[in-house]
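*Asks:* whatever this is, show me its structure:
(one chain, ligands or ions: 2)
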Amino acid sequence: MAATSITGIKGFNDILPGEVEKWQWVESVARRIFSSFGFQEIRVPILEKTELFARGIGEATDIVEKEMYTFEDRNGQLVTMRPEATASVVRAFIEHGLHVRPTMRKLYTIGPMFRHERPQKGRYRQFHQINVEAFGIEDPLIDAEVIYALLTFLGELRIADLQVHLNSLGCPLCRAPFRARLAEYLAGVSHLLCDDCKRRRVTNPLRVMDCKVPSCRDVLAGAPKMLDFLCDDCREHFQRVQDYLKDLQVAFTLDPYMVRGLDYYVKTAFEVLARHLGAQNAVGGGGRYDGLMKAIGGPDLPGVGFAIGMERLIMLLGEGVGEGTPMRLCFLACLGEEARRRGFRLVQELRRSQVLAEMDYEGASLKAQMRKADRLGVTHVVILGEDELARGKAILRWMETKAQEEIPLEGIRERLTALLRKPDGEA
Ligand SMILES: [Zn+2]
Ligand SMILES: [Zn+2]
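*Replies:* Residues are numbered from 1 along each chain as shown. Ligands and ions are numbered 1, 2, ... in the order given. Next comes the predicted model:
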């Protein structure tokens, strides 16, 4: 009996050739744009101690309560596959004392995150993010700058119809009275809330603002607004963020009910939405998280940053964007063992000269080899037969025009390299 085939885990996807080129392109644009804004790449591990996320994200959040991939490793240590990147980046920042190295305050990282959410279209349990973070800078200039960097990146990907939503979440000082007023309001409309929010209303009323259930959204339309509670410091900070964005010609909409899903956000919060299939979808979002570094046990330094969901980003790419221009490819069709050995060597030499070259490994007939070359979409085929080899020659065939000519084996690598690396190689 044949063994049953093993499939991947639900919510964990393979990215196949044909699709992966878009990912590579998005990543390369991210590296280029964010470096030009002075952000340096940091790579942090996928697995961390569970307490990092409990402290860094907040115990009473959905992520920590029900979505983390947490398990005991073989030493009995409780570990978690990172559900987001910021806590890890902050942990690394503290651990390596980067705060005393002023050249390393602006960082970005790209990689997979893991959340055990109910699988639904466009939401995966392993998903990918680009995270950009700046530490130790209090001034609202940096808030405006990270938003501008995000917009520049999305613009470079030619994603159209972008909208910036902006809010201020205040600070612990002004959030306390807001929280009390919100709790009071929610108590009065408790019967209209979903079951989760009935519970959140008591444990963490701000979480209710994050609820996606339509009936809860309706209830929130009449809720008090954080912007009305901002202390002088927070109000001035927020005003300056807006002024700097205007200086950069960035249009934005104030969105008083936008909150970020995580506990540690203060002051500036933002989302960038893009139109897709008629609906507005957040492609990236972030804000300021001044208390996080201290909460994780580091110095009391502010932070501001954002995360971009790569799956959604790739979905938003226009037709043909990021697919790259087809590479010029050469196929060596070889007949007979001697020709195969000569051809095999030539293929490796061409590859070392940055020419994409391919050959047949199965000893197929010339006809089958030509069919394979055709399927690969190659521009040129070199035919190496025993006759040609004996005379020190090969046949070079242009696939598009079907023209062919006999060329000497001597200097063939240079000839092919020149032909295939030139933009218009029809020499
Ligand atoms: Zn405040
Ligand atoms: Zn709700």
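
*Asks:* the lowest-mean-pLDDT helix or strand in the chain and ligand 2 in contact?
*Replies:* In the chain, the helix or strand scored least confidently by mean pLDDT, DSSP states H and E is helix 62, which has a mean of 75. No - Helix 62 stays clear of ligand 2 (CB under 5 Å from the ion), getting no nearer than 11.0 Å. Yep, even glycine has a C-beta here, placed from its N, CA and C like the rest.

*Asks:* can you name the element that comes right after that helix?
*Replies:* Later in the chain than helix 62, the nearest helix or strand by DSSP states H and E is strand 69-72.

*Asks:* what's that following strand packed up against?
*Replies:* strand 78-81 (3 or more CB pairs under 8 Å, 6 or more residues apart in numbering; DSSP states H and E).

*Asks:* now the helix or strand following the strand it packs on: mean pLDDT?
*Replies:* As assigned by DSSP H and E, the chain's next helix or strand after strand 78-81 is helix 86-95. Helix 86-95 comes out with an average pLDDT of 95.

*Asks:* and the next helix or strand past helix 86-95?
*Replies:* Per DSSP H and E, the first helix or strand lying C-terminal to helix 86-95 is strand 106-114.

*Asks:* quick check: buried residues in that following strand?
*Replies:* Under the neighbour-count criterion of 16 or more other CB atoms under 10 Å, strand 106-114 has 106-111, 113-114 buried.

*Asks:* relative to ligand 1, which of those residues is nearest.
*Replies:* Ligand 1 has its nearest neighbour among these in Lys106, at 25.0 Å by CB to the ion.

*Asks:* so Arg123 sits right up against His116, yeah?
*Replies:* No - contact criterion CB atoms under 8 Å: Arg123 and His116 do not qualify, at 11.2 Å.

*Asks:* re the thing from before, can I get the buried residues of strand 106-114 in TSV with distance to ligand 1 and pLDDT?
*Replies:* Shown next, in TSV, are the buried residues of strand 106-114 (distance: CB to the ion, whole Å; pLDDT from 0 to 100):
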residue	distance to ligand 1	pLDDT
Lys106	25	96
Leu107	26	97
Tyr108	28	98
Thr109	29	98
Ile110	33	98
Gly111	33	98
Met113	30	97
Phe114	34	97
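
*Asks:* tell me which two in these are the farthest apart.
*Replies:* The largest separation in the buried residues of strand 106-114, counting by CB to CB, is between Lys106 and Phe114 at 25.8 Å.

*Asks:* please tell me how far Ile308 sits from Glu362.
*Replies:* Separation of Ile308 from Glu362 (CB to CB, to the nearest Å): 44 Å.

*Asks:* those two: which is more packed in?
*Replies:* Set Ile308 next to Glu362 and count neighbours by other CB atoms under 10 Å: Ile308 wins out with 23 against 7.

*Asks:* so what's that one up against?
*Replies:* The contact partners of Ile308, by CB atoms under 8 Å, 6 or more residues apart in numbering, come to 129-131, 150, 153, 283-284.

*Asks:* who wins on neighbours among those?
*Replies:* Most neighbours among these, by other CB under 10 Å: Leu150, with 28 neighbours.

*Asks:* element containing that one?
*Replies:* Taking DSSP H and E as the definition, Leu150 sits inside helix 140-156.

*Asks:* helices or strands up against that helix?
*Replies:* helix 20-36, strand 126-135, strand 162-168, helix 232-247, strand 266-276, strand 279-288, strand 303-309.

*Asks:* who are the packing partners of the second one?
*Replies:* I take that to be strand 126-135. helix 20-36, helix 86-95, strand 106-114, helix 140-156, strand 303-309, helix 310-316.

*Asks:* okay, the angle between it and helix 86-95?
*Replies:* 40 degrees (axes from the mean of the first three to the mean of the last three CA atoms, to 10 degrees).

*Asks:* buried set for strand 126-135?
*Replies:* 126-135.

*Asks:* just the pLDDT for Val100.
*Replies:* So Val100 comes in at 85 (pLDDT).

*Asks:* okay, now the unreliable bits of this protein?
*Replies:* 1, 60, 261-263, 277-278, 324-327, 422-427 (pLDDT under 70).

*Asks:* get me the contact residues on it for ligand 2.
*Replies:* So the chain meets ligand 2 at 194, 197, 211, 213, 216 (CB under 5 Å from the ion).

*Asks:* try 6 Å
*Replies:* 193-194, 196-197, 211, 213, 216 (CB under 6 Å from the ion).

*Asks:* ok, now which ones touch the closest residue in space to Glu27 that isn't next to it in sequence?
*Replies:* In this structure, Glu27 finds its nearest non-sequential neighbour in Ile110, 5.8 Å apart by CB to CB, 6 or more residues apart in numbering. By CB under 8 Å, 6+ apart, the residues touching Ile110 are 27, 30-31, 41, 128-131, 310.

*Asks:* state the number of residues packed around Val89.
*Replies:* 25.

*Asks:* that one and Phe153, how far apart?
*Replies:* With distances taken as CB to CB, Val89 is found 18 Å from Phe153.

*Asks:* can you check Gln163 too?
*Replies:* Taking CB to CB, one finds Gln163 at 15 Å from Phe153.
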